[in-house]
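A.B. asks: One predicted model, sequence on top.
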Amino acid sequence: MSRAARMPGAEARPVPADLRGVWVRTLLQTETLAEHVGAPPSDTTTWVRWLQTSRWHADLRVPQRAFHGRVALPLAEQAPSQLALLAEQQGFVGVTQVETQPTGEVCTWLRAHDFQPPSLHPDSGWLLFERPDRLVEVGIHADYNEVWERLPDSGGRFVALAGLDASGQDDGRRLLLAGRYLARVRPRQAAWPRGMPPGMTLVEALLHQPERARDWLDFEISFGTFDGAAWQVQCSTLPVFENQALPCAVHRLDDRLASVTLPAEPGGTAEPEAWQVLEWDDPAGSLG
């Protein structure tokens, strides 16, 4: 059996149906020393989307600072000051696990690929639904509260696909759909340095090796809307994709494979490409 046929997540338990969709973070509160002199710091300006299928997730977080002077250019043409701001972005893709405990539900996001360097702690939180489309996440390994609200048109179909290399092996790329929303992930190819301590941020890593900026920033997480013929990119770790309408077609070929036609770069052309089906829940048959 090929590695692509036994990808991570294939045996993972599906998350509850009420957790699927696209979630917008409307508030982040963190507990720090500042709590002793006033209210904990909060964030309502970071652009955050969390797309959740029955097993897979893609998460993109762009702080307001990273939009300052943002230009839609390839990394090779970005100035050092702009590269430094791009390093403050966050995002990841992986498998989601939900465990029901007597005191509530614990959600853990197992990151297969992360825009930032490896973390010190697992990404886990208690989930508390205030209403069907609004939930509060309370950190377990870090002190924080996050408020999430689900976009109303992010249900009805849930698809997760994995990119394949020339030999049919999983190459790390992911394409996730929830309702009318689509996220594409292409991990970086450059490896982290040997002996890199966990918990370091990308900004800190680049202070030690600024010459690696373009290699380590070459990690795409793009999010937008998909109407069946075009993908309108709203936000991306790579600004060159933002506000681009890319021709896109997704069709299922059989139980194992789907056909994806989507340019790798803005303005590029694309031929149909076979992707591995990780999930396919499309009751209306809107994707063929």
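C.D. replies: Everything's here; your move.
A.B. asks: From here on, just use CA atoms for contacts and neighbour counts.
C.D. replies: Will do.
A.B. asks: Can you tell me which helices and strands the helix or strand bottoming out on mean pLDDT in the chain packs against?
C.D. replies: The least trusted helix or strand in the chain, going by mean pLDDT, DSSP states H and E, turns out to be strand 42-43, with a mean of 90. Of the remaining helices and strands, those touching strand 42-43 by 3 or more C-alpha pairs under 8 Å, 6 or more residues apart in numbering; DSSP states H and E are strand 21-30.
A.B. asks: Could you tell me which strands sit next to the strand it packs on in the sheet, and their orientation?
C.D. replies: Strands that pair with strand 21-30, judged by DSSP bridges, come out as strand 42-43 (antiparallel), strand 47-52 (antiparallel), strand 144-150 (antiparallel).
A.B. asks: List the buried residues of stretch 219-229.
C.D. replies: 219-226 (16 or more other C-alpha atoms under 10 Å).
A.B. asks: Stretch 176-190 now?
C.D. replies: Along stretch 176-190, the positions that meet the burial threshold by neighbour count (16+ other C-alpha under 10 Å) are 176-188.
A.B. asks: for those residues, which one is nearest residue 257?
C.D. replies: Of all the buried residues of stretch 176-190, residue 257 sits closest to residue 176, with 14.4 Å by C-alpha to C-alpha.
A.B. asks: who's in contact with that closest one?
C.D. replies: By C-alpha atoms under 8 Å, 6 or more residues apart in numbering, the residues touching residue 176 are 51, 53, 56-58, 158-161, 182-184.
A.B. asks: Which strand or helix spans it?
C.D. replies: In this structure, residue 176 sits in strand 170-178 according to DSSP states H and E.
A.B. asks: hey, where'd the helices end up in the stretch 101-250 of the chain?
C.D. replies: 202-208, 213-217 (DSSP state H, counting those that start in this stretch).
A.B. asks: Do me a favour and average the pLDDT over the first one.
C.D. replies: So that's helix 202-208. Helix 202-208 comes out with an average pLDDT of 94.
A.B. asks: Same question for the last one.
C.D. replies: For helix 213-217, the per-residue pLDDT values average out at 97.
A.B. asks: For it, buried residues please.
C.D. replies: Buried residues in helix 213-217, counting neighbours by 16+ other C-alpha under 10 Å, are found at 213-214, 216-217.
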